[in-house]
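Novice: The sequence and its predicted three-dimensional model are supplied below.
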Amino acid sequence: MKATNLLFDTHPDWLTHTLANASSNLPEVSTCLPDGTRVSRRANGVLWLQPPAGRENPNREALIVSAGVHGNETAPIEVLNGLMSELFEGRWALACPLLLILGNPPAMVAGERFLDVNMNRLFNGAHGKSEYAGLPEAARAAFLEGLCREFALAGQGLALSHYDLHTAIRPSKREKFALYPFVAGRSVPAGQCAFLLEAEVQTLLLQHRASTVFSSFTASELQAESFTVELGKVQPFGKNDLARFQGVERALRRRFLGESTPPVRAPFDELTVFEVVHEVINSGPEFEFHVPDDVANFTEYAPGSIIWTDRNGRYQVGSVPEAVVFPNRAVPVGQRVGLMIRKKTVIRPE
Ligand SMILES: O=C(O)CCC(=O)N[C@@H](CCC(=O)O)C(=O)O
Ligand SMILES: [Zn+2]
């Protein structure tokens, strides 16, 4: 039987199979491609790929790549599906262990960011909070954490990177940007900066504290070089202009193949780095967010601008302009309404 039939029944590809089985509890299946690469479907929408023993892994690395943690952020899902179809057609050979994750299949089918609770607030153990008991998104986050631990353990000695691919709700003055989870005492390696530029991501945001997002879990607990990568704007399946995602597609394919990083080339030769200076949290009924609903990511606010007020105080931009990212007042109490950021530096890799 063809490997893809075993993995995806009669469905033409991984994505179609994942959507068709969104509510199923699929058993694990494992098979080998004609070149000896082992592919295990560990759950619906989750593939663990292992190159044959003896094949060189020139970058000495293991990769976790996820998309669809938010179900309506479809472009990166389509990119990963396309890359897997190429692999299954034998168009290239995989060099490194690879864990590929489509995060929230039921939300993907519904075309929603999430169904019961935002899955990207459930990592680093937050899925275990009593308020989330019994919710499928909490169970999925717990499962994904366990699987990532197992994958990291199996790849001990290899450099582990995790790219959690998203698209943003609002337009952005900087279309593509990555967020680097906070881990005390570390800084972004030059090779990761070069990879982001190769993927046509020219902006990097340094987080100021660990959080409950997926990339923060793999960074904090598995010591992975992890990034949340925002690649454009949310669109339904089939409505994405995939030409705008060719940079990340090419860069990921190159990593999967184990080729070395190409030299940086204009215009993707410098990375503008911002740092988070303040996280806006919905503090309750008297909280008021003074940023309009439709403002684009990276919109700048002048010194003195009032960003939010509540019964206890307010936040005012200091002496240097700050920009807003992910403004979203429609979040539960206690959750992030937006990030205030400030330009820090520009990195020009050799
Ligand atoms: O556009 C938006 O408001 C949200 C886009 C999105 O889903 N972003 C991630 C960022 C995760 C991180 O902070 O690393 C999220 O909000 O979960
Ligand atoms: Zn997202």
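Specialist: Good, I have the coordinates. Residues are numbered from 1 along each chain as shown. Ligands and ions are numbered 1, 2, ... in the order given.
Novice: how many neighbours does whatever residue of the stretch 251-350 of the chain ends up closest to ligand 2 have?
Specialist: The minimum distance from the stretch 251-350 of the chain to ligand 2, using Cβ to the ion, falls at residue 326 (9.1 Å). Where you see a C-beta, it was placed from the backbone N, CA and C, and this is true even at glycine. By the other Cβ atoms under 10 Å criterion, the neighbourhood of residue 326 contains 19 residues.
Novice: tell me which element the residue lying closest to it once chain neighbours are set aside is part of?
Specialist: Among residues not flanking residue 326 along the chain, residue 338 sits closest, at 5.3 Å (Cβ to Cβ, 6 or more residues apart in numbering). Using DSSP states H and E, residue 338 sits within strand 336-347.
Novice: Just give the number of residues close to whichever residue of the stretch 1-150 of the chain sits closest to ligand 1.
Specialist: Taking Cβ to the nearest ligand atom, ligand 1 has its nearest neighbour within the stretch 1-150 of the chain at residue 120, 3.5 Å off. Neighbours of residue 120 under the rule other Cβ under 10 Å: 23.
Novice: before we move on, what about residue 320?
Specialist: 10.
Novice: Surely it is in a helix?
Specialist: No - counting by DSSP: H, G, I helix; E, B strand; the rest coil, one finds residue 320 to be coil, located in no helix.
Novice: ok, and the closest non-adjacent residue to it?
Specialist: Leaving out its chain neighbours, the residue that sits closest to residue 320 by Cβ to Cβ, 6+ apart is residue 342, at 6.1 Å.
Novice: For the one you found, which residues are in contact?
Specialist: By Cβ atoms under 8 Å, 6 or more residues apart in numbering, the contact list for residue 342 reads 274-275, 277, 320-323.
Novice: What pLDDT is listed against it?
Specialist: pLDDT recorded at residue 342 is 98.
Novice: same question, residue 177
Specialist: 98.
Novice: Does residue 282 touch residue 332 like I think?
Specialist: Yes - assessed by Cβ atoms under 8 Å, residue 282 is found in contact with residue 332 at 6.9 Å.
Novice: neighbour count winner among these two?
Specialist: residue 282 (20 against 10).
Novice: Now residue 221. Its backbone dihedrals?
Specialist: Phi and psi for residue 221, reported as degrees, to the nearest 10, are phi -90, psi -30.
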